[in-house]
Structure formats: C-alpha cells, structure tokens
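> Structure, please.
(chains A and B)
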Amino acid sequence: QSALTQPPSASGSPGQSVTISCTGTRSDVGGYDYVSWYQQHPGKAPRLVIYEVTKRPSGVPDRFSGSKSGNTASLTVSGLQAEDEADYYCSTYAGSHNLLFGGGTRVTVL
Amino acid sequence: QVRLQESGPGLVKPSQTLSLSCTVSGGSITNGDYYWSWIRQPPGKGLEWIGYIYYNAKTYYSPSLKSRISMSVDTSNNLFSLKLSSVTAADTAVYYCVSFRQSWDTFDMWGQGTMVTISS
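Predicted coordinates for the structure are as follows:
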C-alpha cells in the first residue's frame, strides 16, 4: 500500500493557525478511527501529539487538535509558537496489522 | 514511563545482514498492551514502518520488507531485535525502536534512534 499523502509544507505567523491534511483511502484513513500525528524536530525522534484522530496524550498542549472527514484526516495547530516549527507525520492502521505513514509536512513559523 | 534504547553497528556492508537490538526499561516487555516495533527514516525522508513483535514472539511485518526481515524477543532481558538481510544503500537510515500501544492504536514511545549506513 502507498504512503498517506501530506502536503510537503505549511506555514503561519505566530499566533495564527495552521492545518495539515493527511489523505488516504477507505481501506486505511477512511476505514478506521486510528489516525495519529507525530511532531519531529531536526535531529530528534518523533513525538506523539494526537492519537485516535482527536485524542491528546498528557503533556501535549491543547493548541494541537485533530479531526477526520472521509478519507482525509487533519491536524490543526492553533496559536502558533516558534517551538511548533517542525516536521509532522500522520500514521494510521491499514488493516491486517499493517501501519502506514504519511510523507511528512514541514511547518514553518514565519 | 517506558524508555527504549537501540544498539548495534553503525556501518554494515552491502549484501550483509543488519542487526539491531532494543532494550526496554521502565516497564516489562511482557505488557500485553504493547507491540514492539521498528521504524526507519532514510536521511532527509519520511518514516517507514518495518514491523512489530508481541511478547509471545508473534510477528507482523511490512509487506514491502517481509522477505528480508526477522524479529525476535528476549523476555528474560527485556529486549527485542531486528535482522534485515541482503542490505543495500537504500537501507541506510535512522532506525527507531518504538512501542505500539494497542489501547491507543498508536506509536506512543520512541527510542532516540540509531543511524545505520550501508557502505563497503
């Protein structure tokens, strides 16, 4: 199966919001409420910020929110801060113990 | 809180077998809520799921890599391992060991990663 589709880049000014999309098919994103989002700063390991489409682990600011419509999931970062500048990856369960990642989106804080 | 640490050689010759281990601390590898995973990231590229193993040694591999992968678990030493055979330059990547939490359906804790270069 192909990787999930994400835009290569997104940007916003401090205090604004940025939304990143993650598009799959009805066999993966559309078929399960198991989309996760990860933040990765340069040279660091990814960090979980959203799981099961909308849920935030403890310690993740409520500026991070997730949603899904059909075969496309989205991550919104509200009230952008300089520390939010990073790469963001989506992932989902795709059935039969198969996991897929998106290609990643670089978020720039202008 | 579970912590994961990768170990293994940073340089492997083409056609040989890449071998990595991941030591789990702060929790038991026999915790039934977790699958123990490997994920890799080539330089400048995105993440790729390699596969995962349960504490009872049941394995699930990425369809694109399954012909070359072998994973094992050592519950006595709280660690799990990856072997990737017949490597080429395309297997050069940072390799992460990661816990997949079943109740959250997500990769919740990541090791720091280890860079493996395939070169003669």
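> Need the three-state assignment for the nearest residue to B:Asn77 once chain neighbours are set aside.
In space, B:Asn77 comes closest to B:Thr23 once its chain neighbours are excluded; the distance is 7.6 Å by C-beta to C-beta, 6 or more residues apart in numbering or on different chains. All C-beta atoms are positioned from the backbone trio N, CA, C, and that covers glycine. Here B:Thr23 is recorded as strand under DSSP: H, G, I helix; E, B strand; the rest coil.
> who does B:Thr23 bridge with?
Beta-bridge pairing for B:Thr23 (DSSP bridges): B:Gln5, B:Leu79.
> check contacts around it.
Residues near B:Thr23 by C-beta atoms under 8 Å, 6 or more residues apart in numbering or on different chains: B:4-5, B:7, B:77-79.
> Residue numbers of chain A in contact with chain B?
Within chain A, the positions adjacent to chain B are A:1, A:3, A:32, A:34, A:36, A:38, A:45-48, A:51-52, A:55, A:57, A:89, A:91, A:93, A:97-104 by C-beta under 8 Å from any C-beta of the partner chain.
> right, and A:Glu85 touches A:Val107 too?
Yes: between A:Glu85 and A:Val107 there is a contact under C-beta atoms under 8 Å: 6.0 Å.
> Would stretch B:97-108 count as contacting chain A?
Yes: Stretch B:97-108 lies within reach of chain A by C-beta under 8 Å from any C-beta, at B:100, B:104-108.
> Any chance of TSV for the residues you listed, columns secondary structure, neighbour count and pLDDT?
Rendered in TSV, the data for the residues of stretch B:97-108 next to chain A read as follows (DSSP: H, G, I helix; E, B strand; the rest coil; neighbours: other C-beta atoms under 10 Å in any protein chain shown; pLDDT from 0 to 100):
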residue	secondary structure	neighbour count	pLDDT
B:Phe100	strand	24	96
B:Trp104	coil	16	93
B:Asp105	coil	21	92
B:Thr106	strand	25	95
B:Phe107	strand	25	96
B:Asp108	strand	20	95
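> Run through the residues of chain B sitting next to chain A.
B:46-49, B:52, B:60, B:62-63, B:96, B:100, B:104-108, B:110-113.
> Need the per-residue pLDDT for B:Lys66.
Note for B:Lys66: predicted pLDDT of 94.
> so how far is B:Tyr60 from it?
In this view, B:Lys66 and B:Tyr60 are 9 Å apart by C-beta to C-beta, to the nearest Å.
> So for these two, which residue has more residues nearby?
Remark: of B:Lys66 and B:Tyr60, B:Tyr60 carries more neighbours, 18 against 13, as counted by other C-beta atoms under 10 Å in any protein chain shown.
> nearest residue to the more buried one other than its sequence neighbours?
For B:Tyr60, ignoring the flanking residues on the chain, the nearest one in space by C-beta to C-beta, 6+ apart is A:His97 at 3.7 Å.
> Reduced to three states, what does that neighbour come out as?
A:His97 - assigned by three-state DSSP - is coil.
> To what extent is B:Ser28 buried, counted in neighbours?
Using other C-beta under 10 Å, B:Ser28 has 12 other residues around it.
> Apologies, that question was intended for A:Gly12.
19.
> ok, and the closest non-adjacent residue to it?
A:Val18 (4.1 Å).
> How about the contacts made by that neighbour?
Taking C-beta under 8 Å, 6+ apart, one finds A:10-12, A:76-77, A:80, A:107 in contact with A:Val18.
> what about A:Ser69, neighbour count?
Residues within reach of A:Ser69, counting by other C-beta under 10 Å, total 10.
> that older thread, against B:Gln1, how distant is the residue nearest to B:Asn77?
Per C-beta to C-beta, B:Thr23 is found 15 Å from B:Gln1.
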